[in-house]
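Asker: sharing a model that was predicted from the sequence below.
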Amino acid sequence: MLSISPPSLEVGGMEHLVVDIAVGRVSGKTSIVCLNKLGALGTQIEHDVAIEVLAIPKNVFLATWTVYRALKALNPDIIHCHNLHAHFYGGICAMLLPNTKVVVTKHGQHIPTSGFASKINKYTLRESKIIGVSFDITQSMRQSITKNQYSIEYIANGISLSPYQALKPKTEAKKSLGIKESTFCVGIVARLSPPKDHLILIDAIADLAKTLPDIKLVIAGDGPLREKISTYINANNHNDIVTMLGERKDIANILNALDVFALTSSAEGIPMTILEAMAARLPFIATHVGGIPQVVIDNETGILLKDKDITTLIGALRQCIEHPQLRQKVGREGYCFLTNNYSIEQVMSKYESAYWDIKI
């Protein structure tokens, strides 16, 4: 049995990986323990995978006891934790559960270096198999965790291509979102949080709309900045050029409605949304941060630009608008790169090897 412990199964790159592993594993039984709540992705798979939601209390000692009781009942061979918050509990509980090993996947770049949780994690990580989802995250963990029983490994995120094999025509996909066929549609699928920097993309589209009135930005996702972004759109009279879809489950068809995908993040691992854009054969523009350059070869599999540089962003968007052949070329090469390097089958094989390595 493998127990995977994320905070929740809301829509996001980390959560998609958890779901793909849980649903795709064939070599053993898998359960998921959500520390806080179920989430939209959890609702989709709860009939196929055993999921327990703990809603852990704020008191750290009560929270640890709650997680321990749940894991003891499951009696897992391996606890797979996603990010260090989950590992704080998983690492402690594994020490109390005989013959239980821990794998932790580090998704984000931030590594806390102070506080009680950081000290506990640094100690328990010595006995855990650590995996980073990008080269830079993996290297940061190697520098931070110098004493470890296992080698710190890099396993890139990957996605299933099956949702992208039978998409509706682009005209129908646009119509389903209330967008005209002639409208040039730029989109972003990302959590509404500070690192994604949605406002710079809104400003870029607003600038382009001054000379290209038939353009629209589609924002899919939810998060803590939803109200701030919505207020910004209303205050600047951008309602005609920006559509906020909220949290959506039909990401493949939303991507199919777009002409260009854009990701303006200031910090990333390897974003699942870029892989999803590649799967939809979309050209995309992304910032040169974190693990993004590992999957985006500039002007081949995508267009790279410096973060927070609105002038370059506007130029890249205009280039895509004016050169449809460039969009087709980048979309085609991105899809080929994805299928050769970042399929979920390849990712699953690497994780299965990691699981077996620590059990031997």
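Answerer: Thanks, I have it.
Asker: what segments of the stretch 251-360 of the chain are strands?
Answerer: Along the stretch 251-360 of the chain, counting by DSSP state E, counting those that start in this stretch, strands occupy 260-263, 284-287, 303-305.
Asker: looking at the protein, which helix is longest?
Answerer: helix 324-341 (DSSP state H).
Asker: and it, C-alpha only, in CSV?
Answerer: In CSV, the C-alpha atoms belonging to helix 324-341 read as follows (Å, rounded to 0.1, in the frame of the first residue of the first chain):
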residue,chain,number,x,y,z
PRO,A,324,0.3,32.1,-37.7
GLN,A,325,3.0,29.9,-39.2
LEU,A,326,5.2,30.5,-36.1
ARG,A,327,2.3,29.5,-33.9
GLN,A,328,1.8,26.3,-35.8
LYS,A,329,5.5,25.5,-35.8
VAL,A,330,5.9,26.1,-32.0
GLY,A,331,2.7,24.1,-31.2
ARG,A,332,3.8,21.2,-33.3
GLU,A,333,7.4,21.0,-31.9
GLY,A,334,6.2,21.5,-28.4
TYR,A,335,3.8,18.5,-28.7
CYS,A,336,6.7,16.3,-30.1
PHE,A,337,9.0,17.4,-27.3
LEU,A,338,6.3,16.5,-24.7
THR,A,339,5.5,13.0,-26.0
ASN,A,340,9.3,12.2,-26.1
ASN,A,341,10.1,13.5,-22.6
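Asker: tally of neighbours for Lys170?
Answerer: 15 (other CB atoms under 10 Å). All C-beta atoms are positioned from the backbone trio N, CA, C, and that covers glycine.
Asker: tell me the contacts of it?
Answerer: Residues near Lys170 by CB atoms under 8 Å, 6 or more residues apart in numbering: 256-257.
Asker: do that again at 10 Å, thanks
Answerer: 181, 185, 253, 256-259 (CB atoms under 10 Å, 6 or more residues apart in numbering).
Asker: likewise Tyr355?
Answerer: Per CB under 10 Å, 6+ apart, neighbours of Tyr355: 2, 21, 25, 27-28, 77-78, 80, 101, 103, 129.
Asker: most neighbours, which of those residues?
Answerer: His80 (28 neighbours).
Asker: how about the CA coordinates for the helix or strand of the chain with the lowest mean pLDDT, as PDB?
Answerer: Least confident helix or strand, the chain: strand 2-5 with a mean of 82, by mean pLDDT, DSSP states H and E. Extracted in PDB, the C-alpha atoms of strand 2-5 (Å, rounded to 0.1, in the frame of the first residue of the first chain):
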ATOM      1  CA  LEU A   2       1.200   3.500  -0.800                       C
ATOM      2  CA  SER A   3      -0.200   6.500   1.000                       C
ATOM      3  CA  ILE A   4       0.100   9.800  -0.700                       C
ATOM      4  CA  SER A   5      -0.300  12.900   1.500                       C
END
